[in-house]
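Visitor: one predicted model, sequence on top.
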Amino acid sequence: MSNDRLVLKNKLKVARAEKSINQLGYAETAFLNLKNKLSKSDYTIETKSGILSMKVDTDGMVFMEQNVPTYSNTLTSDSFNKCLDTNSIDSKLPIQIVSTGLRDILLPVNSRKALQELQPDFKVMAALSKEQNVVGVHAFSLEDSESEITAICRNFAPLYDIDEESATGTSNCALACYLFKYAEKKSQYVFEQGYNLNSPSRIVVNLTTHDDVIDGVFVGGYGYLVENKSVSV
């Protein structure tokens, strides 16, 4: 049996509380980091979204391919009136639903301090997420252009019983595609997330393009073993 088929035999079910998610970029990336004793650099992995391509760089960073972006409807800041302080929203960029596998509302915030101080009403945000048929809200604040970090992020998914998540690969893939369209066209974007949870993470998104059209999206990062647990399913 080939190594890539061996990985394929490990089927993933990614779940948040009582609701199942088709795919979560960082869950699959962490999974393959644990399988990284295998010798190949190219793998496939099976999720509810289908069979996904994954690669391991020479330095051990794992990248997973995502779907090309789908840009959906935009929202006004009034949509968040009962949810959070709308004075923190950056009016220079749109509030838009974008997906590279999972739909999220991308919410630009005007400063890192304002992002850190966000205190969403999660009940209202869950209702908004249900109304817009999204997983949640991915709020971000752009860093200075001289920084190696593109943006600091916070991800909220109360509809799926996760008030805040420290690392979300699919959301940051959507954000990279959004920034490619509205801010700066680059081949790599680097995001940091999880500071408010005292669990910081760094997410790398690589884009391949032609004629300013995105034709490949890859999310990557390093993983390490925190602990072993057994879960009954």
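Guide: That came through fine. What you see is a predicted model, and the numbers here were worked out from it, not measured in a lab. Residues are numbered from 1 along each chain as shown.

Visitor: list the buried residues of the biggest helix by length in the chain.
Guide: When the chain is parsed with DSSP state H, its longest helix is helix 169-182. Neighbour-count burial for helix 169-182, counted by 16 or more other Cβ atoms under 10 Å, picks out 169-180. Where you see a C-beta, it was placed from the backbone N, CA and C, and this is true even at glycine.

Visitor: now, which of the residues you listed sits nearest Val109?
Guide: Of all these, Leu175 has the smallest distance to Val109: 12.2 Å, by Cβ to Cβ.

Visitor: my read: the closest one touches Tyr189, true?
Guide: Yes. Leu175 lies in contact with Tyr189 (Cβ atoms under 8 Å); the separation is 7.4 Å.

Visitor: list residues touching both of those two?
Guide: 151, 205 (Cβ atoms under 8 Å, 6 or more residues apart in numbering).

Visitor: give the bridge partners for Thr44, please.
Guide: Ser53 (DSSP bridges).

Visitor: still on that earlier bit, any chance of the buried residues of helix 169-182 in JSON lines, plus pLDDT and distance to Gln132?
Guide: Formatted as JSON lines, the buried residues of helix 169-182 follow (pLDDT from 0 to 100; distance: Cβ to Cβ, whole Å):
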{"residue": "Gly169", "pLDDT": "91", "distance to Gln132": "21"}
{"residue": "Thr170", "pLDDT": "93", "distance to Gln132": "16"}
{"residue": "Ser171", "pLDDT": "96", "distance to Gln132": "14"}
{"residue": "Asn172", "pLDDT": "97", "distance to Gln132": "19"}
{"residue": "Cys173", "pLDDT": "97", "distance to Gln132": "19"}
{"residue": "Ala174", "pLDDT": "98", "distance to Gln132": "14"}
{"residue": "Leu175", "pLDDT": "98", "distance to Gln132": "17"}
{"residue": "Ala176", "pLDDT": "98", "distance to Gln132": "21"}
{"residue": "Cys177", "pLDDT": "98", "distance to Gln132": "18"}
{"residue": "Tyr178", "pLDDT": "98", "distance to Gln132": "16"}
{"residue": "Leu179", "pLDDT": "98", "distance to Gln132": "21"}
{"residue": "Phe180", "pLDDT": "98", "distance to Gln132": "22"}
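
Visitor: dump those residues to CSV, plus distance to Ile149.
Guide: Output for the buried residues of helix 169-182, formatted as CSV (distance: Cβ to Cβ, whole Å):
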residue, distance to Ile149
Gly169, 16
Thr170, 19
Ser171, 16
Asn172, 12
Cys173, 16
Ala174, 18
Leu175, 13
Ala176, 13
Cys177, 18
Tyr178, 16
Leu179, 12
Phe180, 16
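
Visitor: ok, of those residues, which one's closest to Ile162?
Guide: Among the buried residues of helix 169-182, Ser171 lies closest to Ile162 (Cβ to Cβ), at 11.7 Å.

Visitor: got a list of what Val135 touches?
Guide: Counting by Cβ under 8 Å, 6+ apart, Val135 touches 21, 102-104, 129, 157, 159-160, 171.

Visitor: what about these, which are in helices?
Guide: 129, 171.

Visitor: residue ranges of the helices in this structure, please?
Guide: 3-8, 25-34, 112-117, 122-132, 169-182.

Visitor: what's the least confident stretch among these?
Guide: Among the helices of the chain, helix 3-8 carries the lowest mean pLDDT, at a mean of 41.

Visitor: and the nearest residue to Lys82 once chain neighbours are set aside, how far is that from Ser79?
Guide: Computed as Cβ to Cβ, 6 or more residues apart in numbering, the closest residue to Lys82 that is not its neighbour in sequence is Val124, at 4.9 Å. For Val124, the distance to Ser79 equals 10 Å [Cβ to Cβ, to the nearest Å].
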